[in-house]
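Enquirer: Pasting the sequence and the predicted model now:
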Amino acid sequence: MSKPNIVLLTVDCFRYDRCSFNGYTRPTTPTLTELAQSSFVFDNAISTGPYTPEAVPGFLAGLHGYNSAYYSEVDWTAIPNNAETVASYLRDSGWETTATITNPQLTTERNFDTGFDTFRNLRTENTHSQVGKSPDSAGPLRGRLNSLLRSLRERTQSVDSISPALGLYMLYRYRQFLNDWPTIRGERVINGLLQSLDSRDDDRPFFAWSHLMDLHAPLHPDSIRSGGLAWSDGTARHLFADAGRMAHRHTPAYETMYDSALRYVDEQIGRVVSYLQRKGIWDETILVITADHGEALFERGVYGHQYHNMFDELLHVPLLVHTPEGTAERFETPFSLAWLHELLADLADIDRGPLASTSGRSSHLDDDEQAVVLSDSVSHRGHTVAARTADYKHTRHFGEPLYRDFQLSVEPFNGDGTTYDLSADPTEHLPLDATESPQELRDLATDVQIEPAEIPSLDGELDTQARERLQDLGYVE
């Protein structure tokens, strides 16, 4: 049997429970719903972390926070020098490897290009706006805006008190809508992916990775309109709802915007499927669709994805795998995205590579075999570890006491940690004493715990422009 092509499509901030193929009532994913009828679906796929630089090393290199590296400062996770990745292993096994992405976190300086023959980050290579103005010109306004928002949010949660800042925020985002939005829309990213596949070596199988940012706040008004599921098509209304999201005010309209942007993402995924079919290689290709992490939609009083937020609205992600055989089956056993390399090797019928994380399972297509799934988060505040089985999840924080931002309660993670009975309390609202979890989960959390200063660092510093790109996406205040 010849080696199959492998396409990995990952979507930033992609929630499992907002997919219609996973039972969501709105038609957010018609392409994926149809595809699921002939695909493997993993109903308990778990990210390695709640934040992009913690999650991508998981599915790309089998790494967690405790065995990754960092760049510039401990909050900016990176892939260590000389680490094996899915791309490097497949390249050495005969695949041509290519990546077309857009998240400004995923840079060559932080080794996210490891193993790729060609690697394009459209966000970092395009540093000028469409009208020729440098984004640096927005720096002073961005700084004043963030300082004002932070000050007002610290004083009170009154809508009236933060309205001046929200008005300034809306004006700033409207300027970006006309000029240089913080993210690049999926249509352009998929165009780049398909162009790279058109220029490939036809004599070799390919591994292609693309990462879409359309579900990452701020949501682009054009993507929202394209999806057709939002309560309004008006740009001003979208920006007003996004301002409420940014201020952590309950904004139900934002959820309809998220759903509509997801419908747009689903259309872009459909373009990839159509391309593979049109080129006559659909039956020679493994297609994997998943997320780096999910997104909080005010379940605990916050929006977004914060360090140390180890609840499952961020860790539980979709995972759909279509193979040339078109086999349809759903699996309930918890599956770590750090084991994606094992699943791909098994499906491609090659030996499993020497990546950092191993499951100990002989097959991931068997619900009878189970293993403990680990997620973690490292920042200057310390190290938070979540270890789970199918029934229990134990989370513990090591380091300075965690904060309570707005209404996000993470205090139970401090001290001896906390346990959730996932079978009885899947939404994690009834914390149990830490000792009510299996001893192996508590032992694992202790065994992998690391002081942030002990994590190896890469040489280099984030420049001003890189910080501003990250600031626009909420990664830097």
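Expert: The structure has been received and is ready for your questions. Numbers count the residues shown, from 1 in each chain.
Enquirer: what's the longest helix in the protein?
Expert: Ranked by residue count and defined by DSSP state H, the top helix of the chain is helix 252-278.
Enquirer: among the helices and strands of the protein, which one scores worst on average pLDDT?
Expert: helix 139-155 (a mean of 52; mean pLDDT, DSSP states H and E).
Enquirer: Next SSE downstream of it?
Expert: Next along the chain after helix 139-155, taking DSSP states H and E as the criterion, comes helix 159-178.
Enquirer: now that following helix: how far from the chain's centre is it?
Expert: Its chain's average C-alpha position is 26 Å from that of helix 159-178, according to CA atoms, centre = their mean, to the nearest Å.
Enquirer: what comes up buried for it?
Expert: 162, 165-166, 168-170, 172-173, 176-177 (16 or more other CB atoms under 10 Å). Just so you know, the C-beta spots here come from the backbone N, C-alpha and C atoms, and that holds for glycine as well.
Enquirer: again with stretch 459-475
Expert: Those would be 462, 466-475, for stretch 459-475 by 16+ other CB under 10 Å.
Enquirer: C-terminal to the longest helix of the chain, what's the next element?
Expert: Scanning onward from helix 252-278 (DSSP H and E), the first element met is strand 285-291.
Enquirer: In terms of secondary structure, what does the next helix or strand after that next one contact?
Expert: Sequence-wise, the next helix or strand downstream of strand 285-291 (DSSP H and E) is strand 296-297. If you count contacts as 3 or more CB pairs under 8 Å, 6 or more residues apart in numbering; DSSP states H and E, strand 296-297 packs onto helix 252-278, strand 303-304, helix 312-315.
Enquirer: and the longest one, what's its mean pLDDT?
Expert: Helix 252-278 carries an average pLDDT of 97.
Enquirer: and it, what other elements does it pack with?
Expert: Going by 3+ CB pairs under 8 Å, 6+ apart, helix 252-278 lies up against strand 5-11, helix 30-36, helix 186-198, strand 206-212, helix 221-227, helix 235-246, strand 285-291, strand 296-297.
Enquirer: surely I286 meets A348?
Expert: Yes - the criterion here is CB atoms under 8 Å, and I286 meets it with A348 at 6.9 Å.
Enquirer: Overlap of the contact sets of those two?
Expert: With CB atoms under 8 Å, 6 or more residues apart in numbering applied, the overlap between the contact sets of I286 and A348 consists of 4, 6.
Enquirer: coming back round to it: what residues of the longest helix of the chain count as buried?
Expert: Applying 16+ other CB under 10 Å to helix 252-278 flags 253-273, 275-276 as buried.
Enquirer: And for stretch 18-26?
Expert: Applying 16+ other CB under 10 Å to stretch 18-26 flags 18-22, 24 as buried.
Enquirer: Over to stretch 111-119?
Expert: Neighbour-count burial for stretch 111-119 [16+ other CB under 10 Å]: 111-117, 119.
Enquirer: Most widely separated two among the residues you listed?
Expert: N111 and D117 (15.4 Å; CB to CB).
Enquirer: A45 - how many residues pack around it?
Expert: 25 (other CB atoms under 10 Å).
Enquirer: Tell me the spacing between D349 and E329.
Expert: 18 Å (CB to CB, to the nearest Å).
Enquirer: list the contacts for the residue positioned nearest the centre of the chain?
Expert: The structure's the chain has its C-alpha centroid closest to D292; by CA atoms, centre = their mean the separation is 2.4 Å. Residues near D292 by CB under 8 Å, 6+ apart: 10-14, 47, 52, 55-56, 59, 211, 317.
Enquirer: Which ChimeraX command selects the buried ones in the residues you listed?
Expert: Only the buried entries of the contacts of D292 go into this ChimeraX selection, using 16+ other CB under 10 Å:
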select :10,11,12,13,14,47,52,55,56,59,211,317
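Enquirer: what two of the contacts of D292 have the greatest distance between them?
Expert: C13 and F59 (14.8 Å).
Enquirer: one step back: and the longest helix of the chain, how far out from the chain's middle?
Expert: Using CA atoms, centre = their mean, the offset of helix 252-278 from its chain centre is 16 Å.
Enquirer: relative to helix 235-246, how tilted is it?
Expert: Between the axes of helix 252-278 and helix 235-246, defined by axes from the mean of the first three to the mean of the last three CA atoms, to 10 degrees, the angle is 110 degrees.
Enquirer: quick one: low-confidence parts of the chain?
Expert: Low-confidence segments of the chain (pLDDT under 70): 1, 126-163, 403-412, 476-477.
Enquirer: picking up where we left off before, redo the buried residues of helix 159-178 as JSON lines? Include distance to E436.
Expert: Formatted as JSON lines, these follow (distance: CB to CB, whole Å):
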{"residue": "I162", "distance to E436": "40"}
{"residue": "A165", "distance to E436": "43"}
{"residue": "L166", "distance to E436": "43"}
{"residue": "L168", "distance to E436": "48"}
{"residue": "Y169", "distance to E436": "43"}
{"residue": "M170", "distance to E436": "47"}
{"residue": "Y172", "distance to E436": "47"}
{"residue": "R173", "distance to E436": "45"}
{"residue": "Q176", "distance to E436": "48"}
{"residue": "F177", "distance to E436": "49"}
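Enquirer: Closest one of those residues to P438?
Expert: Using CB to CB, those come closest to P438 at I162, 44.3 Å.
Enquirer: Now H211. Nearest residue, chain neighbours left out?
Expert: Nearest non-adjacent residue to H211, counting by CB to CB, 6 or more residues apart in numbering: I101, 4.1 Å away.
Enquirer: could you dump the helices and strands packed on strand 296-297 to CSV with distance to S199?
Expert: Shown next, in CSV, are those (distance: least, CB to CB, whole Å):
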stretch, distance to S199
helix 252-278, 14
strand 303-304, 37
helix 312-315, 36
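Enquirer: All set, thanks.
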